Every structure is written in structure tokens, then in C-alpha cells.
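J.: what follows is a predicted structure for the sequence shown.
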Amino acid sequence: MEQKNRTEVLKSRKFHCCCKYCGSDLELQRLVFSEDDNARAELYCPICEKLEFGVEKEIYAAAEYFVDEMEFQCYSDIENIPQQRQMTIAKVVEIISWGFVTLGYLSETGFIYPVKTLEQLLHEWLNVKKEDLQLLIGE
Amino acid sequence: MDMNHLIKMQQVSCKIGKHYLLQNITWQVKQGEQWLVFGENGSGKTTLLSAIVGYRNYTAGNLSLFDSPYDAANLLEYRKKIGWVSTSFFNKILQKESVLSIVLSGKTGTLGLSEYIDNQDILRAKQLLQVFRLAQKKDLPYKMLSKGEQQNVLLARAFFAEPEIFLLDEPNSGLDFLARMQLKRILMRMANQRQVTFVYVTHYPEEIPPIFTHCLLLKHGKIFQQGAMRDVFCSQVLSEFFSQTVEVLQEKDYFHIRLQEERV
């Protein structure tokens, strides 16, 4: 990311992203004594009280649904149930985001549209044609 | 053009109200030099480093980094080349952030992340956490760590981007014996290989590894003296600096400053 765009990217993420732990809206805070926004501004979750890069709201909603409906949890050693749920959602958010970023569907500025397939991943894909599908379903 | 000056300050001052935190600092750090910045509490050491990495404004003078004028347009690019460790600064900001995310922020030199990180970044961060004995604590919030562990998180963050210059603000603070020895070994190896330049701030002579070529003495926000290590960090100059007679002793791996009254 070019430096001149950093503050703009953070401003934009403030609107299309939320906290990956609690789903709250993020704030753009000036944290240090500096005249330059690039040097002093960071995204911050006022509920969790921490610096937070955020995640697309759609991804958070999907992760929250998955964790609650599938009763998924990956921090069984944490006794505090709400915290366990938050951290599990955050972990699922990380996994979904990682997948999207790796496939080239997501960047810090948001979802990439139109979808552009990453060439280097093509050899790992299985292309199923219409004829293959018909064969599979026995038509 | 070969890079020569990593840091060049000319008459730099930093003022809050009528109070000078730094006053008329003229100082140059060249590539390959290893600087010790020594001073008492409140002498402006941390402010000096904060101004260099752009976390505090200087109010007068000129500052250039990597032979280029310092300005907002290149600030973040500079930060990637500077590994900054300062618990006194970061502890005011970092609280609940996870250890892993703090180390990853070393990629951009920012306080928080500002771009998605890739797989290589995560692997590198985990390797560094292994080196600094924090692998099991990567998901813990910063404030839950001990002081020494926090120091190690910041060291791992500083090492992340393989910077050209390290600004170390009392890096031994809070470290246990083994961690201090490990840090000393790392610094000595890197300094001997001339890979990087160190600016090392401390007010404890016992912490000073024998790698420094130059010394800057700060007192009340002003430069008291600067120059070659052997000319500045000596009994005569430090006696003037402390306004009482002291004796500087150099053992194999560390310095010791003794008040004359200690003699029997």
C-alpha cells in the first residue's frame, strides 16, 4: 500500500469493516503527538479498547453465524464463555479472510470485484464442466 | 550516491509550552557507527528517538533520515528501515493487542496493522517469537505479559522488517539474566558483522555491551558531549557530566561507573 493512501484506506475500512472480536464499529484515532495522519492515525475498537485492523462486516456475520449455529468453539481452555465465543469468532474470521486474501478476492480496500482469479492457483483447481456434472448426477 | 548519514539532526528542538524537551540537538549517525546515548532520567533520550521515528514532532531545526529530508511523504517508508524498541513509549499505547499482531505491525512500522499480511509474514513472526521464547504466548494480550516478555515482543517487532538501524530505548529493562545475555549476543554478532547500526539508549552502565564506537551524552534535553566512545565515555567527561568524581571501569563485557567515595 502506498503511504499516501494509508489514512484513506483506514478511513474507508472504518465504514466497511468492524472489530473481528466483537463486531463493533471501528474508530479512527489519533494516538500520538505527530502532525502527520499517516504517522498517528490507527483503527481502534472502543468496546474492546484495542488497536484493530478490522474485518469486512459480511465476513464477521458469516463467522458469527457459523460459530453460533454449528456450536463451533476452538478455545475450550478458556472458562469465560463470552470471551471464548469472541475469540472463536475472531479465529474463524481470520480463516475466512485468509482464504479470500489468498484466492485474491479480498484486499485491505475491501472485496475485489470483478473477481480476478490468481493465475498461480489455477493448477491446483479442479475444473468441472457441464458434461462432467451431468455424468455425475447420472443424467 | 552511497548512503552515508542514517540520521542527521541540525539544531533540532522539541518544546512543550515554555519547556524544552530537546534543545538545539545537532547530531549525525553514519552507516556502520554504533552509538550509545547515555543520560539520566528525564534527559530527553526517549523524546530524541520518538522524534526520529515521527511519533513526536520537533518544533525547530532540520532532520533528515537516510540522506533524505524528513517529511510526511516518506515517513512510513523510513519507519520500515528503523527498528524501534521502547517500552516507555509502546506501553502507553499497547494494552490488549495480541502478541502476534504487534510483531506483525513491524512489517509496516505502524502501531496497528494497515494491510493484510501474507503467509510468509506469519511464518516469520512465529520464527521470531520462537527466538524470543514467546511462541506459546502469541495470542495473549500485551498487558498480560511480564515486563521482560513485553520487551521481547518489541524486540521481535523491531527485528521483523530487518531494519537498517535499530533504536533501542533501554532494551534490557525487565529482561531476566538469560534474556539479557541473549540480547547481548545478538547485538554483538550483528554489530561485528556491520549489518546494522545501533543507537542504544540507557542510563545503566552495566547494560552497555562493548560494541559502541560513539557516545552521545544528553543532559536536561541538551547535548553535553558527543564523539568517539573512548573520548566521551571516560572518567573525566563523566565526572563533569555527573558533577561529581566518578571512575569508569571497563570489564570484558560491560562497563561500571564507580563513585570515588566507594573507594576504601
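T.: Structure received. Numbering: from 1, shown residues only, chains lettered A, B, ... in the order given.

J.: wait, residue B:238 touches residue B:248, no?
T.: Yes - contact criterion CB atoms under 8 Å: residue B:238 and residue B:248 qualify, at 5.8 Å. Heads up, the C-betas are built off the backbone N, CA and C, glycines and all.

J.: where does pLDDT dip in chain A?
T.: Within chain A, the segments meeting pLDDT under 70 span A:1-4, A:33-35, A:117-127, A:139.

J.: so which residues of the stretch 101-250 of chain B form helices?
T.: Listed in chain order, the helices found in the stretch 101-250 of chain B under DSSP state H, counting those that start in this stretch are B:119-131, B:147-160, B:177-192, B:229-232, B:235-242.

J.: could you dump those helices into a markdown table and include mean pLDDT?
T.: Output for the helices of the stretch 101-250 of chain B, formatted as a markdown table (pLDDT from 0 to 100):
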| stretch | mean pLDDT |
| --- | --- |
| helix B:119-131 | 92 |
| helix B:147-160 | 90 |
| helix B:177-192 | 81 |
| helix B:229-232 | 92 |
| helix B:235-242 | 92 |
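
J.: what's the closest of the ones you listed to chain A?
T.: Of all the helices of the stretch 101-250 of chain B, helix B:119-131 sits nearest to chain A, with 7.6 Å by CB to the nearest CB.

J.: which secondary structure elements does the closest one sit against?
T.: helix B:99-104, helix B:147-160 (3 or more CB pairs under 8 Å, 6 or more residues apart in numbering or on different chains; DSSP states H and E).

J.: between that helix and helix B:177-192, how many degrees?
T.: Here helix B:119-131 points in a direction 120 degrees away from that of helix B:177-192 (axes from the mean of the first three to the mean of the last three CA atoms, to 10 degrees).

J.: quick one: residues contacting residue B:99.
T.: B:129, B:134, B:137, B:138, B:139, B:140, B:141, B:142, B:145, B:153 (CB atoms under 8 Å, 6 or more residues apart in numbering or on different chains).

J.: over to residue B:133?
T.: B:152, B:179.

J.: what's the answer for residue B:10, then?
T.: B:26, B:61, B:62, B:63.

J.: wait, the third one sits on residue B:71?
T.: This means residue B:62. No - Residue B:62 lies out of contact with residue B:71 (CB under 8 Å); the separation is 10.8 Å.

J.: my guess is residue B:87 meets residue B:168, correct?
T.: No - using CB under 8 Å, residue B:87 is not in contact with residue B:168, being 10.8 Å away.

J.: the longest helix along chain A and chain B, are they touching?
T.: Using DSSP state H, we find that the single longest helix of chain A is helix A:81-103. Yes - using CB under 8 Å from any CB of the partner chain, we find that helix A:81-103 touches chain B at A:87, A:97, A:101, A:102.

J.: and the furthest pair within the contacts of residue B:99?
T.: Greatest spacing in these, by CB to CB: B:129 and B:141 (14.7 Å).

J.: these two: who's more crowded?
T.: residue B:129 (20 against 17; other CB atoms under 10 Å in any protein chain shown).

J.: residue contacts, that one?
T.: Neighbours of residue B:129 in contact, by CB under 8 Å, 6+ apart: B:99, B:100, B:103, B:135, B:137, B:138, B:156.

J.: one step back: find the residues that touch each one of residue B:238 and residue B:248.
T.: With CB under 8 Å, 6+ apart, residue B:238 and residue B:248 have common neighbours residue B:257.

J.: pick out whichever of the two has more residues nearby.
T.: A direct count of neighbours by other CB under 10 Å for residue B:238 and residue B:248 places residue B:238 higher, at 23 against 16.

J.: any idea how far residue A:102 is from that one?
T.: Here residue B:238 is placed at a distance of 56 Å from residue A:102 (CB to CB, to the nearest Å).

J.: interface residues of chain A facing chain B?
T.: Counting by CB under 8 Å from any CB, chain A sits next to chain B at A:1, A:3-4, A:6, A:9-10, A:31-36, A:38-40, A:42-44, A:48-53, A:87, A:97, A:101-102, A:106-108.

J.: ok, of those residues, which come out buried?
T.: A:3, A:6, A:9-10, A:31-34, A:36, A:38-40, A:42-44, A:48, A:50-53, A:87, A:97, A:101, A:106, A:108 (16 or more other CB atoms under 10 Å in any protein chain shown).

J.: next step: those residues restricted to strands.
T.: Residues of these located in strands (DSSP state E): A:42, A:43, A:44, A:50, A:51, A:106.
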